[in-house]
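Student: I'd like to go over a predicted model; first the sequence, then the structure.
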Amino acid sequence: MPTPPSDALRCPPPVLSVVVPTFNEVDNVAELVARVAGALAGTDWELIFVDDDSPDGTADRARAIAATDRRVRVLQRIGRRGLSSACIEGMLASSAAYLAVMDGDLQHDAALLPQMLAALAEDDLDIVVGSRYVADGGLGDWAARRRSMSRLAGGLGRRLIKADLQDPMSGFFILRAEAFRTRVRRLSGVGFKLLLDLFASDGTPLRFREIPYRFGLRQAGASKLDNAVLWEYLLMLLQKLVGPVVPVRFIAFSLIGGLGVGVHLAVLWALFKGLGTSFLVGQAAATLVAMTSNFFLNNLLTYRDMRLRGRALLWGWASFVAACSIGALANVGIATYLFRAESFWLLSAFAGILVGAVWNYAVTAVYTWRR
Ligand code: GDD
Ligand code: MN
């Protein structure tokens, strides 16, 4: 047998990387590895946990398994949150020809992986999706509210993508690395719904097939799906509509800014028109209130994946206020100047807000929620 020309060639990457996003799944990782190993016996695979620094020690538990099994890898992200971005980064860390994504809570059936891989490889497809909405698929025992939410969100998503995919919200799929890499720069990476993101990214249409599966019961830990996930989903849809030119954070910031205008005008109206304060006092107070509410909303929604908490929240707010004080000065200054010149309070307020808003976005993106 000829010796390989270099050490590197002696150990080629596995055929399949199974990317598993985790957040607080400490009691599920060992069982997941066992199930994947059982299902994929005979296939050259690896499993990449992408853990967002779970407080329950998921990453350590996964590393303990990796210490005895090099097919298991752990990518630990610090100060970050997000299911989609975790999957994307796990896939980027792989050199395998095929990439699978599945949940770490045992709700996706690992036993389906060989069938999915075979379909992908043999039938010349780009992606094979575990689907709850084709014949024999199912939702498990989901509450009625979540069932209808899932259908509603799926319907919205289906309008966006051109493919006739029954379950665009599925988090269980397997695709060719090439199909991923040609799209990765156009992915929004926001929220929970990477599959939809992949399908909605323009490029050549994905050749796909759906394979039915039943959504299993969660054994340990809790779901991270909450109302904010819905917001992120809507943001992701919006991002797909406005294209890659406008960043999704700017969209969120603008939406919240729009809300801030409402807050601002309400406060100004109450003080200036209602209580009869001077316009200067009204405008200054309205600016401060709107600035504070914008900070908290942006922290909660725009910068959810790098949300500031506890002490950092306080410092973040302080830096937000400090960084925006120049913007606020410009806001009040310009508005007051215009008001004195024109006596038209609404227009003056809007001009002030606009100048302040542009400042706020640019400066806080750099100083408050710096990466
Ligand atoms: N790294 C990382 N970061 N992982 C996360 C995060 C996060 O911020 N949030 C959730 N996860 C992990 C969980 O630990 C779990 O392994 C997987 O992502 C799914 O999260 P769940 O919180 O269990 O989601 P679910 O069961 O409600 O939602 C599932 O159903 C959807 C179908 O409607 C997921 O499978 C979705 O992917 C799927 O689309
Ligand atoms: Mn789950």
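Tutor: Arrived safely. Numbering: from 1, shown residues only. Ligands and ions are numbered 1, 2, ... in the order given.
Student: Give the rounded mean pLDDT of the helix of greatest length in the chain.
Tutor: Counting by DSSP state H, the longest helix found in the chain is helix 310-342. Confidence for helix 310-342, expressed as mean pLDDT, is 86.
Student: Stretch 48-63 now?
Tutor: Mean pLDDT, stretch 48-63: 97.
Student: buried sites along it?
Tutor: Buried positions in stretch 48-63, judged by neighbour count with 16 or more other C-beta atoms under 10 Å: 48-52, 54, 58-59, 61-63. Just so you know, the C-beta spots here come from the backbone N, C-alpha and C atoms, and that holds for glycine as well.
Student: what's the span of it, first residue to last?
Tutor: Stretch 48-63 stretches 11 Å from its first residue to its last (C-alpha to C-alpha, to the nearest Å).
Student: From the rest of the structure, what touches it?
Tutor: 17-26, 29-30, 72-82, 86-87, 89-90, 93-94, 104, 221 (C-beta atoms under 8 Å, 6 or more residues apart in numbering).
Student: From those, list just the buried residues.
Tutor: Counted by 16+ other C-beta under 10 Å, those give 17-26, 29, 72-77, 80, 82, 86-87, 89-90, 94, 104, 221 as buried.
Student: Look up the residues forming beta bridges with Val128.
Tutor: Ile174, Arg209 (DSSP bridges).
Student: what residues are up against it?
Tutor: 116-117, 119-120, 173-175, 208-211.
Student: Please pick the buried ones from the residues you listed.
Tutor: The buried subset of the contacts of Val128 (16+ other C-beta under 10 Å) comprises 116-117, 119-120, 173-175, 208, 210-211.
Student: which one of these is nearest ligand 1?
Tutor: Distance to ligand 1 across these (C-beta to the nearest ligand atom) is lowest for Phe173, with 9.5 Å.
Student: Would you confirm that that closest one contacts Asp103?
Tutor: No. Using C-beta atoms under 8 Å, Phe173 is not in contact with Asp103; the gap is 11.3 Å.
Student: buried ones in stretch 253-273?
Tutor: If you call a residue buried by 16+ other C-beta under 10 Å, then stretch 253-273 has these buried ones: 253, 255-257, 260-261, 263-265, 267-268, 271-272.
Student: domain ranges for the protein?
Tutor: For the chain, the TED database gives the domain ranges 11-242, 248-368.
Student: Columns distance to ligand 1 on top of those domains, output as a markdown table?
Tutor: Shown next, in a markdown table, are the domains of the chain (distance: least, C-beta to the nearest ligand atom, whole Å):
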| stretch | distance to ligand 1 |
| --- | --- |
| domain 11-242 | 2 |
| domain 248-368 | 8 |
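Student: could you dump the buried ones among the contacts of Val128 to CSV with pLDDT and distance to ligand 2?
Tutor: Formatted as CSV, the buried ones among the contacts of Val128 follow (pLDDT from 0 to 100; distance: C-beta to the ion, whole Å):
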residue, pLDDT, distance to ligand 2
Met116, 96, 19
Leu117, 96, 22
Ala119, 94, 24
Leu120, 94, 24
Phe173, 97, 15
Ile174, 98, 18
Leu175, 97, 21
Phe208, 94, 23
Glu210, 93, 19
Ile211, 92, 19
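Student: what number of residues lie near the spatially closest residue to Phe296 that is not a sequence neighbour?
Tutor: Leaving aside its chain neighbours, Phe296 sits nearest to Trp317 (7.9 Å; criterion: C-beta to C-beta, 6 or more residues apart in numbering). The tally of other residues near Trp317 (other C-beta atoms under 10 Å) stands at 17.
Student: could you dump the helix or strand encompassing Ala100 to PDB, C-alpha only?
Tutor: With secondary structure defined by DSSP states H and E, Ala100 is part of strand 98-101. Extracted C-alpha coordinates of strand 98-101, given in PDB (Å, rounded to 0.1, in the frame of the first residue of the first chain):
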ATOM      1  CA  TYR A  98     -22.800  16.400   4.000                       C
ATOM      2  CA  LEU A  99     -24.200  18.500   6.900                       C
ATOM      3  CA  ALA A 100     -27.100  17.500   9.100                       C
ATOM      4  CA  VAL A 101     -28.800  19.800  11.700                       C
END
